[in-house]
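**Student:** structure for this input, please:
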Amino acid sequence: MEENKNEIIKVCLLAGKIMLQSGAETYRVEDTMLRIASSFGVVNAQSYATPTGIMFSVDETEPTNFVRILDRSTDLHKVAIVNSISRKISSKELTVNEASELLKEVEVQKHAYPIYIQILAASLVSGCFTIMFQGQWTDFIPALFVGGFGFSAMIYLHKVVEIQFFAEFLASLFIGLIAYLFIDIGIGKELDKIIIGSVMPLVPGLLITNAVRDLMAGHLVSGLSKGAEAFLTAFAIGAGVAVVFSFI
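**Tutor:** Model (predicted):
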């Protein structure tokens, strides 16, 4: 029985870890872990998740297990897969060992597109956002190049400088500089529209959404921490562009 309880704990923690690392809301992580535990017969389980860690116990008087979350990204496909596994557990289609094996497979899977496809997508998105924000078609091509360069710069700088704030600050700084150079040589007409469209791939949309949803669900610690992270990202983007405008 004790061995089975340990396996249940491992399954719950692994499911929560995958979801948090993939960009899921903390209330969804806690709910999924509790549902999995309940489906395996653990009715008094306790879970508490923050963006950087998970605490879980099968009972109020049992020792608490802790998992540290170091890396976070956006992979909603993994979140959907874990949710699907959770539903199968709830319907008694999976045993503890089967669920554990499936979750281990999900953990090592890589669903991200290659870097060049991400850069191409960022370029196209930048151009489309420029038009959406009432830019002219003559600004589409500059935004295409500026957005792609800015996104690729952020990816490279994030590998060199692990602090995301500085990577986003420098990327937005390059976006402002290159957009100004395009205008200066006569390619493009509206500098502000090109910059606005080009920085959109850097905007932390999912982070802002999750912060609001966590706050609405009553998870104040997670909501405020994610909100602060989103604010710092937005500040870094704005500061980088502001530095360029202060010198032109």
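**Student:** send me the helix or strand harbouring A121 as PDB with only the CA atoms.
**Tutor:** In the assignment (DSSP states H and E), A121 maps to helix 115-132. Written as PDB, here are the backbone C-alpha positions of helix 115-132 (Å, rounded to 0.1, in the frame of the first residue of the first chain):
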ATOM      1  CA  ILE A 115      13.900  28.200 -34.600                       C
ATOM      2  CA  TYR A 116      13.700  29.300 -38.300                       C
ATOM      3  CA  ILE A 117      10.000  28.600 -38.400                       C
ATOM      4  CA  GLN A 118       9.400  30.600 -35.200                       C
ATOM      5  CA  ILE A 119      11.400  33.500 -36.700                       C
ATOM      6  CA  LEU A 120       9.400  33.300 -40.000                       C
ATOM      7  CA  ALA A 121       6.100  33.200 -38.000                       C
ATOM      8  CA  ALA A 122       7.300  36.200 -35.900                       C
ATOM      9  CA  SER A 123       8.100  38.100 -39.100                       C
ATOM     10  CA  LEU A 124       4.700  37.400 -40.600                       C
ATOM     11  CA  VAL A 125       2.900  38.300 -37.400                       C
ATOM     12  CA  SER A 126       4.800  41.600 -37.100                       C
ATOM     13  CA  GLY A 127       3.800  42.600 -40.600                       C
ATOM     14  CA  CYS A 128       0.200  41.700 -40.100                       C
ATOM     15  CA  PHE A 129       0.000  43.500 -36.800                       C
ATOM     16  CA  THR A 130       1.500  46.600 -38.500                       C
ATOM     17  CA  ILE A 131      -1.400  46.600 -41.000                       C
ATOM     18  CA  MET A 132      -3.900  45.800 -38.200                       C
END
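**Student:** in stretch 138-145, which residues are buried?
**Tutor:** 139-140, 142-145 (16 or more other Cβ atoms under 10 Å). For glycine as for every other residue, the C-beta is placed from the backbone atoms N, C-alpha and C.
**Student:** report the contact partners of the one residue sitting closest to the centre of the chain.
**Tutor:** Note on the chain: the residue nearest the mean C-alpha position is T74, at 3.5 Å, using Cα atoms, centre = their mean. Shown in contact with T74 (Cβ atoms under 8 Å, 6 or more residues apart in numbering): 22-23, 206.
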